[in-house]
Structures are given as C-alpha cells and as structure tokens.
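K.L.:
Predicted model follows, preceded by the sequence.
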Amino acid sequence: MDLMQMATQILGAKLGGSSNNNDLVSSVIGSLLGGGSKEGGIDLGSLVGGLQNGGLADIAQSWLGDGDNAEISQSQITDLLGSEKIQEAASQLGTDQNDLLSGLQEMLPQIVDKSSSGGNLLDAVGGIGGLASLAGKLFK
C-alpha cells in the first residue's frame, strides 16, 4: 500500500467516511501535505522539515525512529499546516476542524513512521534527490 492510500484510509476512517469519499479525502491530504508536489502526493520532506523548523524536532525524531511515536497536539498541527489550510480542508470534507485535526493527529505519525521503517524513507521522499532536499530542510 502506498503512502497516500494509507493516509486516505486512516483519515477517511477517522472521519467516518465511506470508500466513495476516498478521492475527496486523498485530494484534501494532497492539498494539506503536498508541499507543491507535482503529483499531488505527500511531501514527507516538507512535513518533517516543518516539524524540525517549528521546534518539534523531538516529535519528528520519534516518528522517524523505530520506537513509540510521540503525540502531536491539535494546536501544533494547526501551527505546522496553517489555520487557513485546516479551515479550507475541513470545509471541503464537510467536517469540523476538531474532527479533522483529530484525524490528522492519528494519521501523521503513522505515515511518517511507516515510511521510515525498514529503510523505506528514501523511496518515500523521492530517492536521493528527495533525501538531499529533506536533509537541507532538517539542517537549516
């Protein structure tokens, strides 16, 4: 299962949507986490870089490591992604912001954790070029 499929399933289930809603959920995830990606996928480099630059390096490291994932608060997610993007995404999904943020609290650690276990982070960030971009974001 690819990263977008996993993210769509986790968030869709948390929001109580049916499988008919997967395209909409996937589109919203791409808008929130795409980071300008031409494929509309999930830009893990931007996500992890945003955590690092936002003072949440410990959370990022726990998600990237093989141990337990640290929790992220709804306010931290709002700071990370931007309140306007959260409002727009909730509106598109026909849900309230708290439900969306609750879904993101569950989804974000899982997708970073899954993409970084077993050496898969290189593929998830787009190969060597993506890894270089991620490293640049982490060490700014």
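P.N.:
Structure's in. What do you need?
K.L.:
need the contact list for residue 81.
P.N.:
32, 33, 50, 104 (Cβ atoms under 8 Å, 6 or more residues apart in numbering). Every residue, glycine included, has its C-beta placed from N, CA and C.
K.L.:
So which of these is the closest to residue 71?
P.N.:
Minimum distance to residue 71 across these is 11.8 Å, recorded for residue 104 (Cβ to Cβ).
K.L.:
Now for the residue nearest to that closest one when sequence neighbours are not counted, how many residues are close by?
P.N.:
Computed as Cβ to Cβ, 6 or more residues apart in numbering, the closest residue to residue 104 that is not its neighbour in sequence is residue 77, at 5.2 Å. As a burial measure, residue 77 scores 19 neighbours (other Cβ atoms under 10 Å).
K.L.:
Does residue 77 touch residue 101 like I think?
P.N.:
Yes. Contact criterion Cβ atoms under 8 Å: residue 77 and residue 101 qualify, at 5.6 Å.
K.L.:
Next, show the common contact partners of those two.
P.N.:
residue 86.
K.L.:
which residues touch stretch 55-63?
P.N.:
Taking Cβ under 8 Å, 6+ apart as the rule, stretch 55-63 contacts 48, 51-52, 68-72, 76, 80, 108-109, 112-113, 116.
K.L.:
I'd like to know which of the residues you listed is nearest to residue 27.
P.N.:
For the contacts of stretch 55-63, the nearest to residue 27 is residue 108 (17.4 Å; Cβ to Cβ).
K.L.:
contacting residues around the closest residue to that closest one other than its chain neighbours?
P.N.:
Nearest residue to residue 108, sequence neighbours excluded (Cβ to Cβ, 6+ apart): residue 72, at 6.4 Å. By Cβ under 8 Å, 6+ apart, the contact set of residue 72 is 56, 59, 80, 105, 108, 109.
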